[in-house]
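Visitor: just the structure for this:
(one chain, ligands or ions: 1)
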Amino acid sequence: MQTVPDSVISRLKSALGEGGWSQDPERLAPKLVEWRDRWSGSTPLLALPSSTHAVAAVVGICGEAGVAITPQGGNTGLVGGQIPDGEILLSTERLRRVRDIDLADDVLVAEAGVTLAEAHEAALSAGRRFPLSLASEGSATIGGLISTNAGGTAVLRYGTMRNLVLGIEAVLPNGEIFNGLKRLRKDNTGYDLKQLLIGGEGTLGVVTAASLKLFPILASRAVAIAGCESVDAAVRLLERAKSETGGAVEAFELIGRLGIDLAARHLPGIRQPLDSRPPWSVLIEIAGDASGMAEAAMERLLAAALDEGVITDASLAQNEAQARAFWSLREGQSAAQKPEGPAWKHDVAVPISAIARFIESATVTLRARFPGVRIDAFGHVGDGNIHFDVLSPPGGDFGAHIANRDEGARIVHDLVAQLGGSISAEHGLGTMKTAEAATYKSPVELAAQRAIRAALDPKRIMNPRVLF
Ligand SMILES: Cc1cc2nc3c(=O)[nH]c(=O)nc-3n(C[C@H](O)[C@H](O)[C@H](O)COP(=O)(O)OP(=O)(O)OC[C@H]3O[C@@H](n4cnc5c(N)ncnc54)[C@H](O)[C@@H]3O)c2cc1C
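Guide: Numbering: from 1, shown residues only. Now for the predicted structure:
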């Protein structure tokens, strides 16, 4: 862990001014632990800059002194990258302005500390929509979403954050401000620095603001849950839904029987959505620009799929409350697991065509090696992104389960690699997966990534324990 000289702390305090920093243990406490208590850390100073220039001052002082910085947004990251271990903690909580909304450019310019929910609200109040959607939207910030290249439930239609950002303003590791807040949909002028910062997990600079793509508000929306006998049937249903709705599928989420049962058992107000309790359920959302379009398309899709035996039954949400209840089932999966004890969590991606093979093989192999473990596989089938979570046998020994986590991860990740997949689909690598990811990346790719980082941050002051 680094020791930060008092002289550097004093320079940072005077650059940030009153209200721009804190060393108060109570103020710091919530920023030093991850929400599940999986990681905790320490910092000699919480920097709270309220402008891009103040961020530049912090990075400049730290750069000169070779002092490391951990940027933090909403602290909802799931791989530990936002928790400092002796670094200066730079929070974006005071970078909170929506700077502009322009309907001709269809763009919203927001500072890094604006939460996703605030960005949604700002877009809606201007008659537009920012489509990124995830359960942590009340806290996750634009800067964090960019730095983790966040995905969520609408990637199938709109892509990840990489597809939704038109421009970025950031402070680079040398303290200079990169004023890349463009609003262009075409810009072919060499390497795209903004794309390096997206998914950079705070290692190539501090994102201070971004221009985000806006979309029209859609007039109709239909949400349903359908039951399938197999994952393969769910994938066939996805194919049919995509081709029959002309690309109007907003979300296509898989949940296994265990996940539904846990949600019904542990989450208040959640009930089994299908009486037949099928082995697999799929939550489908269709949205369209013409009134009634989504409902009609959903009814057609479900009727044809039932006829052909692709699904066994289905329930179409009759109102907004029911649609929300279906979504709570999906978004509450992590919360529903919690009372059951620790879970090995794997956020993986495989080609959509390999999802069924992956779930089947991983389940069989893990159960053979760790008899009785319970598999809660759910996720964004439309993106090939499965959250493959493994719980201990019922009433099992939690300590033993935790002790086996790394071996379990190796089995799952080896299989993912064999199928041409990724061991981090949407959460990033953080401090949790960096070492492991290095074993799956090709030496060529690793060397290129290290060279880029060394060129931009030769002293490795930005989030030094994260990425390669
Ligand atoms: C209930 C729940 C559901 C979730 N669902 C999803 C999901 O569906 N899809 C998904 O992709 N993720 C999901 N996540 C993960 C998380 O919300 C995202 O990773 C989110 O993008 C993190 O944003 P944040 O502002 O909280 O960032 P933090 O957690 O504060 O930071 C995350 C990383 O970004 C860096 N960082 C933060 N701000 C900046 C900045 N301004 N400049 C440079 N680096 C920065 C940090 O150093 C860290 O490495 C979920 C999390 C929770 C708790």
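Visitor: excluding its backbone neighbours, what's nearest Ala263?
Guide: Of all residues not flanking Ala263 in the chain, Ala336 sits nearest, at 4.3 Å (Cβ to Cβ, 6 or more residues apart in numbering). Bear in mind the C-beta positions are built from the backbone N, C-alpha and C, glycine included.
Visitor: try Lys242
Guide: Closest to Lys242 by Cβ to Cβ, 6+ apart is Val249, at 5.8 Å.
Visitor: dump the residue contacts of the one you found.
Guide: Shown in contact with Val249 (Cβ atoms under 8 Å, 6 or more residues apart in numbering): 156-157, 238, 241-242, 284-286, 382.
Visitor: ramachandran angles for it?
Guide: Here is the backbone geometry of Val249 (degrees, to the nearest 10): phi -80, psi 120.
Visitor: again with the one 5 residues further on
Guide: The phi and psi values for Leu254, taken as degrees, to the nearest 10, are phi -100, psi 140.
Visitor: in the sheet, who's paired with it?
Guide: Val282, Gly379 (DSSP bridges).
Visitor: I'd assumed Val381 was in contact with it.
Guide: Yes: counting by Cβ atoms under 8 Å, Leu254 touches Val381, with 4.6 Å between them.
Visitor: find residues that contact each of those two.
Guide: Common contact partners of Leu254 and Val381 (Cβ under 8 Å, 6+ apart): 234, 282, 355.
Visitor: hmm, back to that, my read is that the residue nearest to Ala263 contacts Gly256, right?
Guide: No: in this structure, Ala336 is not within contact of Gly256 by Cβ under 8 Å, at 11.8 Å.
Visitor: buried ones in the helix or strand containing Glu26?
Guide: Following DSSP states H and E, one finds Glu26 within helix 25-28. Across helix 25-28, burial judged by 16 or more other Cβ atoms under 10 Å covers Leu28.
Visitor: still on that earlier bit, of the shared contacts of Leu254 and Val381, list those near the ligand.
Guide: Filtering the shared contacts of Leu254 and Val381 for neighbours of the ligand using Cβ under 6 Å from any ligand atom leaves an empty set.
Visitor: in JSON lines: these, plus neighbour count, pLDDT and distance to Arg450.
Guide: Below are these laid out as JSON lines (neighbours: other Cβ atoms under 10 Å; pLDDT from 0 to 100; distance: Cβ to Cβ, whole Å):
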{"residue": "Ala234", "neighbour count": "27", "pLDDT": "97", "distance to Arg450": "39"}
{"residue": "Val282", "neighbour count": "26", "pLDDT": "97", "distance to Arg450": "41"}
{"residue": "Ile355", "neighbour count": "25", "pLDDT": "97", "distance to Arg450": "32"}
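Visitor: what sits against Thr312?
Guide: 227-229, 276, 278, 306.
Visitor: show me which of those has the smallest pLDDT value.
Guide: Note: of the contacts of Thr312, the lowest pLDDT belongs to Ser276, at 93.
Visitor: show me what contacts Phe252?
Guide: Counting by Cβ under 8 Å, 6+ apart, Phe252 touches 156, 238, 241, 282-285, 380-382.
Visitor: Leu258 too?
Guide: Leu258 is in contact with 374-376, 391, counting by Cβ under 8 Å, 6+ apart.
Visitor: equivalent analysis for Asp383, please.
Guide: Going by Cβ under 8 Å, 6+ apart, the list of residues near Asp383 reads 151, 155-156, 349, 352, 425.
Visitor: run the last query once more with 10 Å
Guide: By Cβ atoms under 10 Å, 6 or more residues apart in numbering, the contact list for Asp383 reads 151-156, 159-160, 251-252, 349, 352, 425-426.
Visitor: out of the residues you listed, which touch the ligand?
Guide: Counting by Cβ under 6 Å from any ligand atom, 151-152, 426 from those sit close to the ligand.
Visitor: closest one of those residues to Arg128?
Guide: Distances from Arg128 to the ones next to the ligand among the contacts of Asp383, taken as Cβ to Cβ, are shortest for Gly152 (18.0 Å).
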